[in-house]
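In: Show me how the following folds:
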Amino acid sequence: MKQMNKSECCGCAACVQCCPKECISITEDSEGFLYPTIDHNLCINCGLCERVCPFKNEQESRSPIDVYAGQNPNIDDLLNSSSGGVFITLAREVLKKDGVVFGAVFNSSWEVYHTYAEKVEDVFPMLGSKYVQSRIGNCYKKAKVFLDQNRLVLFVGTPCQIRGLKLFLKNRKYENLICADVICHGVPSPGVWRRYLAETYGGYNAKAQSRHQATAGKNSVLLSSLNALSPIGDIKFRDKTESGWKKFRFVICQKSASKADQNTVLSSDIHVNNIYMKGFLADLYLRPSCSRCVCKNGKSQADISLGDFWGIENVSKSFDITLGVSCIIIYNNKGTRCIDLLKNNGYVLENRSLSEIKQYNPAFYRSVIPNRNRNVFFKKFNQNKDLRYLIVKYSKPSFKDVLKNILRKLLKS
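Out: Alright, predicted model coming up:
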């Protein structure tokens, strides 16, 4: 691998998992993102790492064969899902066939990582959006083992994670593999997420930490994860129980030894009012590669794409939008078989157009524009300035942005 440009690394870790000499490791940079590091003393220059890199193997955009709006008829499934509840049904059907489901979950420190499930109770933690980049670990290797055992595998991830898997598998056409990518706005920094939780719920003191670093040196140990005293028992980025799908809430519940107290709410904010979500939606701490994603618009080679069907109420009256509607984009016969499974489970499904998806959820095809304050934010972040202060200060829209939004609303009215 030649010198790496961070804007051309999505963190899929396909290079780490394919290396025959195991000379590539993943390390966290000062912004909190994971990047590959090569031990050149062990590297044999075989080039495998470059052959599995999504940025070095960009595909053409694909046109879907079908587009649907869909909604799960099961209210509990809808409430526990971010949008229309498609994933849980597909997962159950795969598990019924002795299959395996890969998805993202929280660990005990509330960091996000990919894992697999062979029982439906292990799928439930995968439900719901998690607005932090997940650590993929060795899931591509594990998926290949299951595939070679002829077990059915459902792998769900961001477009770049799906593209990484496909390249790791050398684009072999496994009939027993179903790949579903999720429409992705961009992945926020795990380091910022860690700091947010520590400052808000872990008793972390930014000024004290800054003094410690000044004494210990610039390269002292990075901020650790939440400790055992953390009060957090559950986190939901997209809770719909109180305000519904459109005004979903960011909710953190208290950890408790008593089941009776397990739902005690520590905080509950409409997403646009939560400080972490404000920075995320302002594109303040997204991965550099997200501003030039090479895996959107069908380029990931997924069989099916899933996301929110924002604006469905403007084009269809078939759905109760209170608890969410999914857009389902189908690329091949595997995707069509997924639709058949949803039909057999009583889903409300309606054929729609790709142009509607692009209009109301442009993250399907369009990369984010980096926040103009991104660099200064991370400079101050690494000086251990108070995170809440930094997000409030640097996520404010410019006068030009405010004017654009006003004009956009006037044109729509």
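In: From residue 280, how far off is the nearest residue in space to residue 104 that is not next to it in sequence?
Out: What sits nearest to residue 104 in space, not counting adjacent residues and going by C-beta to C-beta, 6 or more residues apart in numbering, is residue 134, at 4.2 Å. Backbone N, C-alpha and C define where each C-beta goes, glycine included. As judged by C-beta to C-beta, to the nearest Å, residue 134 and residue 280 stand 15 Å apart.
In: Helices of the stretch 301-413 of the chain, residue ranges please.
Out: Secondary structure of the stretch 301-413 of the chain (DSSP state H, counting those that start in this stretch): helices located at 312-315, 333-344, 354-360, 374-381, 387-394, 399-412.
In: Buried ones in the fourth one, by neighbour count?
Out: Of all the residues in helix 374-381, those buried under the rule 16 or more other C-beta atoms under 10 Å are 374, 377-378, 380-381.
In: Over to the first one?
Out: Within helix 312-315, the residues scored as buried using 16+ other C-beta under 10 Å are residue 312.
In: any residues touching it, and which ones?
Out: For helix 312-315, contacts defined as C-beta atoms under 8 Å, 6 or more residues apart in numbering pick out 69, 319, 321, 325, 352, 356, 360.
In: Just the CA trace of it, in CSV.
Out: Provided in CSV are the C-alpha atoms of helix 312-315 (Å, rounded to 0.1, in the frame of the first residue of the first chain):
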residue,chain,number,x,y,z
ILE,A,312,-43.8,9.8,1.6
GLU,A,313,-46.8,11.8,2.8
ASN,A,314,-46.4,14.1,-0.2
VAL,A,315,-46.6,11.3,-2.8
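In: quick one: that helix to chain centroid distance?
Out: Distance, stretch centre to chain centre, for helix 312-315: 25 Å (C-alpha atoms, centre = their mean, to the nearest Å).
In: can you tell me which of the helices of the stretch 301-413 of the chain the model trusts least?
Out: Note on the helices of the stretch 301-413 of the chain: lowest mean pLDDT is at helix 399-412, with a mean of 67.
In: So, low pLDDT: which residues of the stretch 1-150 of the chain?
Out: 1-3 (pLDDT under 70).
In: ok, which stretches of it are strands?
Out: 24-28, 34-38, 66-71, 100-106, 112-117 (DSSP state E, counting those that start in this stretch).
In: Ramachandran angles for the residue nearest to residue 360 when sequence neighbours are not counted?
Out: Of all residues not flanking residue 360 in the chain, residue 311 sits nearest, at 3.2 Å (C-beta to C-beta, 6+ apart). Note on residue 311: backbone dihedrals following degrees, to the nearest 10 are phi 80, psi 10.
In: what does residue 195 give?
Out: Taking degrees, to the nearest 10 as the convention, residue 195 sits at phi -70, psi -40.
In: wait, doesn't it sit right on residue 380?
Out: No - checked against C-beta atoms under 8 Å, the pair residue 195 and residue 380 is beyond contact range at 11.9 Å.
In: Tell me how many other residues surround the nearest residue to residue 287 once chain neighbours are set aside.
Out: Leaving out its chain neighbours, the residue that sits closest to residue 287 by C-beta to C-beta, 6+ apart is residue 187, at 5.0 Å. Taking other C-beta atoms under 10 Å as the neighbour definition, residue 187 ends up with a count of 25.
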